[in-house]
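Novice: okay, here's the prediction I keep looking at, along with the sequence it came from:
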Amino acid sequence: MTKQRNRIILFSSLLLVNLLVVDFYSLQINHKKIFIINSFLFLLSFFSNIIKERVIKNKKIVFYKISINFLRILACIIFLFLTILEENKTNRIYVYNFLIIYFTHLFFEIFLEYRSNKNKA
């Protein structure tokens, strides 16, 4: 349950920081899009970790972990592609914002996983 609590804290803090940065620098991206990006990445992280826990079950099978991460990347590409197709003009700020938040999520997930494995050993 600690992992899920950490993910909720990460989601909340990244959403807050993202909103503050957008307001501070007056970037041309609305708060609804920021919430959608952060929610998508949170749900993607949440469900992929549930799948990892149920499929792998304490086995260190690299193939499954890589395939789950590949599916996450594919989901992100589809998410961005659908968003870009929806708008007439491609908004680079939206894509940059998405990538920064995605890599921040990824960094903290790796950190939490490392810390969790270190505590088990």
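Specialist: That came through, no problem. Treat the numbers as computed from the prediction; the structure is a model and nothing was measured. Residues are numbered from 1 along each chain as shown.

Novice: rest of the way, CA atoms for contacts and neighbours
Specialist: Fine.

Novice: which residue ranges form the helices in this protein?
Specialist: Ranges of helices within the chain are 2-25, 31-56, 62-86, 92-120, based on DSSP state H.

Novice: and the first one, what does it pack onto?
Specialist: Meaning helix 2-25. If you count contacts as 3 or more CA pairs under 8 Å, 6 or more residues apart in numbering; DSSP states H and E, helix 2-25 packs onto helix 31-56, helix 92-120.

Novice: so which of those gets nearest F79?
Specialist: Checking those against F79 by CA to CA gives helix 31-56 as the closest, at 8.6 Å.

Novice: just list what the closest one packs against, helices and strands only.
Specialist: In terms of contacts (3+ CA pairs under 8 Å, 6+ apart), helix 31-56 is packed against helix 2-25, helix 62-86, helix 92-120.

Novice: redo those helices as a markdown table? Include distance to N38, mean pLDDT and mean neighbour count.
Specialist: Output for the helices and strands packed on helix 31-56, formatted as a markdown table (distance: least, CA to CA, whole Å; pLDDT from 0 to 100; neighbours: other CA atoms under 10 Å):
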| stretch | distance to N38 | mean pLDDT | mean neighbour count |
| --- | --- | --- | --- |
| helix 2-25 | 6 | 89 | 14 |
| helix 62-86 | 12 | 88 | 13 |
| helix 92-120 | 7 | 86 | 14 |
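
Novice: take these and write them to TSV, including distance to F47.
Specialist: Putting those into TSV (distance: least, CA to CA, whole Å) gives the following:
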stretch	distance to F47
helix 2-25	11
helix 62-86	10
helix 92-120	13
